[in-house]
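S.K.: Quick check, what structure comes out for this input:
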Amino acid sequence: MAQTPEGKVKDAIKKVLDSHGFWRAGTAQPKNVEGWYYMPVSNGMGVHGIPDFVCCWKSRFFCIEAKASGGTTTANQEARHNEIRAAKGWVLVVDNIEVLEEFLKMPDIVDKANDLVSLSEELALREIRSMKPEAVFTGECLLCGEDLEPPKRWCDAEHRDRWELERKRK
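M.R.: The predicted structure follows:
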């Protein structure tokens, strides 16, 4: 049986992904996993327009829509692509395998972006951990534990001052 032009593009995409260490769902794990991909089965029962390849690479979600040279996407495909992009995913429409090859040369950019996200998260956690607890009413003196009426937080000014001094030392 002759293969369609789009089928040839899909085969080329699989070869490129395999050569870059992508793990195809349901197959043996490659030596060095750099990414993962799945090819949804189109049987008319699911959502129309789902891309040909669903992938994860460098902590990023992206999809590939394979097209024969000069092929165009359908309205359903465009709708799914817009949904994916709205969720901050990437969509590649590949009618020339060089498009995918160029995309996969971007790991330095992706790695740097992921490093910046990790650094930002680490700095936010440090800031949260360094924050001193606020003095809130608990029903007892924050220094000695004696029962108090609302909204008092300390027995007296001396306990307040000692509590604040101890807080600054921590």
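S.K.: ok, Leu100 to Asn32 distance?
M.R.: As judged by CB to CB, to the nearest Å, Leu100 and Asn32 stand 19 Å apart. Yep, even glycine has a C-beta here, placed from its N, CA and C like the rest.
S.K.: ditto for Lys88
M.R.: Here the criterion is CB to CB. By it, Lys88 lies 26 Å from Asn32.
S.K.: just Glu164 next, same as before
M.R.: As judged by CB to CB, Glu164 and Asn32 stand 55 Å apart.
S.K.: These two: which has the busier surroundings?
M.R.: Using other CB atoms under 10 Å, the more surrounded residue of Glu164 and Asn32 is Glu164, with 14 against 8.
S.K.: That one: which element?
M.R.: helix 157-169 (DSSP states H and E).
S.K.: helices and strands around the top strand by length along the chain, which ones?
M.R.: For the chain, the strand reaching the highest residue count under DSSP state E is reported as strand 60-66. The contact analysis (3 or more CB pairs under 8 Å, 6 or more residues apart in numbering; DSSP states H and E) places strand 60-66 against helix 5-19, strand 53-57, helix 75-86, strand 90-94.
S.K.: Kindly recompute the last result at 7 Å.
M.R.: helix 5-19, strand 53-57, strand 90-94 (3 or more CB pairs under 7 Å, 6 or more residues apart in numbering; DSSP states H and E).
S.K.: Return the set of buried residues in that strand.
M.R.: With burial defined by 16 or more other CB atoms under 10 Å, the residues of strand 60-66 counted as buried are Phe62, Cys63, Ile64, Glu65, Ala66.
S.K.: and if you look at stretch 12-31?
M.R.: For stretch 12-31, using 16+ other CB under 10 Å, the buried residues are Ala12, Ile13, Lys14, Val16, Leu17, His20, Phe22, Trp23, Arg24.
S.K.: now could you export just the CA positions of the lowest-mean-pLDDT helix or strand in the chain as CSV?
M.R.: In the chain, no helix or strand scores lower on mean pLDDT, DSSP states H and E than helix 107-130, which sits at a mean of 76. The C-alpha trace of helix 107-130 is given here as CSV (Å, rounded to 0.1, in the frame of the first residue of the first chain):
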residue,chain,number,x,y,z
PRO,A,107,17.4,23.5,24.2
ASP,A,108,19.7,26.2,25.4
ILE,A,109,16.9,28.7,25.3
VAL,A,110,14.5,26.3,27.0
ASP,A,111,17.0,25.2,29.6
LYS,A,112,17.8,28.9,30.4
ALA,A,113,14.1,29.7,30.7
ASN,A,114,13.6,26.6,33.0
ASP,A,115,16.6,27.7,35.1
LEU,A,116,15.1,31.2,35.5
VAL,A,117,11.8,29.7,36.6
SER,A,118,13.6,27.5,39.1
LEU,A,119,15.7,30.4,40.4
SER,A,120,12.6,32.5,40.7
GLU,A,121,10.8,29.8,42.7
GLU,A,122,13.8,29.3,45.0
LEU,A,123,14.0,33.1,45.7
ALA,A,124,10.3,33.2,46.4
LEU,A,125,10.6,30.3,48.9
ARG,A,126,13.6,31.9,50.6
GLU,A,127,11.6,35.2,51.0
ILE,A,128,8.7,33.3,52.4
ARG,A,129,10.9,31.4,54.8
SER,A,130,12.6,34.5,56.0
